[in-house]
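Engineer: This is a predicted model, with the sequence first.
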Amino acid sequence: MNWNTILFLLVPYAVVPLAVVASAYRLLYRPYTVSSLSSQILESRKLFWGSISFHYGLVLVLTGHLVALLLPRTITLWNAEPMRLYLLEATGLALGLWALAGGAVLAWRRYSDPRVRAVTKPADVLVLVLLVISMVTGVLTATLYSFGSSWFTAVFTPYLWSLATLRPRPDLVADLPWLVKLHAFNFFLLVATFPFTRLVHIVTLPLGYLYRPWQLVIWVRRPPRDSAARR
Ligand code: HEM
């Protein structure tokens, strides 16, 4: 068995079940720990600028990754026109840099503010390091290996689907440059740490607000008799 098979077949098949089982356990048996404890009361200015840039940038970049995975033909058709390809690549890179700038502010905040540092656990540092590795290698991939939005659909989409459909083809990624491999492999490390760190707060995304009924606030007390006069 070679290294490529270990890193891109065994590791993903080990970390995904681990993440699912451990997250389910934490949700069911430690529900009040499924969050990202706020340190806003200790420092709020750097947190605001860092967190907004990091979250918005990354959510948009990862949405792009998801579109390439789920709707590869849409990306191929969009990229058929060079102008649109450049636009997509430039937008992805700008969003990646925005997320990275936010991540850098958050990392600097954890390091430089003594109060925030005092409440920082080793797991928080681990998550930050892994996220920074993902963002740095992503931005470098986008700059050094042009038109990733196109070759993602040719290489990574079939590879990731091969894993999902239990017909693994790690050979599809075997010849990629090490930097690109590190970028993809780091995702499996993030998956492995997911249930054991503050990353688990992702499952608390309040999607219920999208479909729950309107909240009606009904005044049940009778208004004071002279309220009309006071108005
Ligand atoms: C198996 C998982 C992943 C694969 C296969 C993958 C693949 C890629 C590829 C091919 C690019 C270059 C895109 C381009 O040149 O247009 C890229 C860019 C990027 N990736 Fe990933 N990625 C993965 C996971 C992640 C994760 C987990 C993060 C962050 C936590 C991330 C963050 C980024 C960023 C910031 C960029 C640069 C912006 C961009 O071009 O979209 N990626 N990724």
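Structural biologist: Yes, it's here.
Engineer: Residue 101 sits in which helix or strand?
Structural biologist: Secondary structure from DSSP states H and E places residue 101 in helix 82-112.
Engineer: What average pLDDT does that helix get?
Structural biologist: Averaging pLDDT along helix 82-112 gives 98.
Engineer: try stretch 157-176
Structural biologist: Average pLDDT, stretch 157-176: 98.
Engineer: Now do the end-to-end distance for that stretch.
Structural biologist: For stretch 157-176, the first-to-last residue distance is 14 Å (CA to CA, to the nearest Å).
Engineer: List the contacts of it.
Structural biologist: In this structure, residues lying in contact with stretch 157-176 by CB atoms under 8 Å, 6 or more residues apart in numbering are 4-5, 7-9, 12-13, 68-69, 72, 155-156, 181, 184. For the C-beta atoms, the positions are set from N, CA and C on the backbone; glycine is no exception.
Engineer: change it to 6 Å
Structural biologist: 4-5, 8-9, 12, 69, 72 (CB atoms under 6 Å, 6 or more residues apart in numbering).
Engineer: Stretch 84-91 now?
Structural biologist: Residues from elsewhere that reach stretch 84-91 (CB under 6 Å, 6+ apart): 78-79, 149.
Engineer: residues in the protein within reach of the ligand, list them.
Structural biologist: Residues of the chain lying near the ligand by CB under 6 Å from any ligand atom: 58, 61, 64-65, 89, 92-93, 96, 99, 131, 134-135, 138-139, 141-142, 148-149, 152, 156, 183-184, 187, 190.
Engineer: What count of nearby residues applies to residue 189?
Structural biologist: Residue 189 has 16 neighbours, counted by other CB atoms under 10 Å.
Engineer: Tell me who's in contact with residue 183.
Structural biologist: Here residue 183 is in contact with 137-138, 141 (CB under 6 Å, 6+ apart).
Engineer: Please report the distance of it from residue 177.
Structural biologist: Separation of residue 183 from residue 177 (CB to CB, to the nearest Å): 10 Å.
Engineer: now residue 142
Structural biologist: 13 Å.
Engineer: Which one's more surrounded, those two?
Structural biologist: The neighbour count for residue 142 versus residue 177, taken as other CB under 10 Å, is higher for residue 142 (20 against 11).
Engineer: just the helices in the chain please.
Structural biologist: Assigned by DSSP state H, the helices in the chain fall at 3-5, 11-29, 45-70, 72-79, 82-112, 114-118, 122-144, 148-151, 157-164, 178-193, 208-211, 227-230.
Engineer: among the ones you listed, which is the most enclosed?
Structural biologist: Highest mean neighbour count of the helices of the chain: helix 148-151, a mean of 20 (counted as mean count of other CB atoms under 10 Å).
Engineer: With only the CA atoms kept, save that helix in PDB.
Structural biologist: In PDB, the C-alpha atoms belonging to helix 148-151 read as follows (Å, rounded to 0.1, in the frame of the first residue of the first chain):
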ATOM      1  CA  GLY A 148      -8.500  25.500 -10.500                       C
ATOM      2  CA  SER A 149     -12.200  26.000 -10.900                       C
ATOM      3  CA  SER A 150     -11.900  24.100 -14.200                       C
ATOM      4  CA  TRP A 151      -9.500  21.300 -13.100                       C
END
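Engineer: Could you tell me the per-residue confidence at residue 226?
Structural biologist: As predicted, residue 226 sits at a pLDDT of 67.
Engineer: likewise residue 231?
Structural biologist: Per-residue pLDDT puts residue 231 at 55.
Engineer: so which of the contacts of residue 183 comes closest to the ligand?
Structural biologist: residue 138 (2.5 Å; CB to the nearest ligand atom).
Engineer: picking up where we left off before, okay if I get the contacts of stretch 84-91 as CSV plus pLDDT and distance to residue 197?
Structural biologist: Shown next, in CSV, are the contacts of stretch 84-91 (pLDDT from 0 to 100; distance: CB to CB, whole Å):
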residue, pLDDT, distance to residue 197
78, 98, 35
79, 97, 36
149, 95, 30
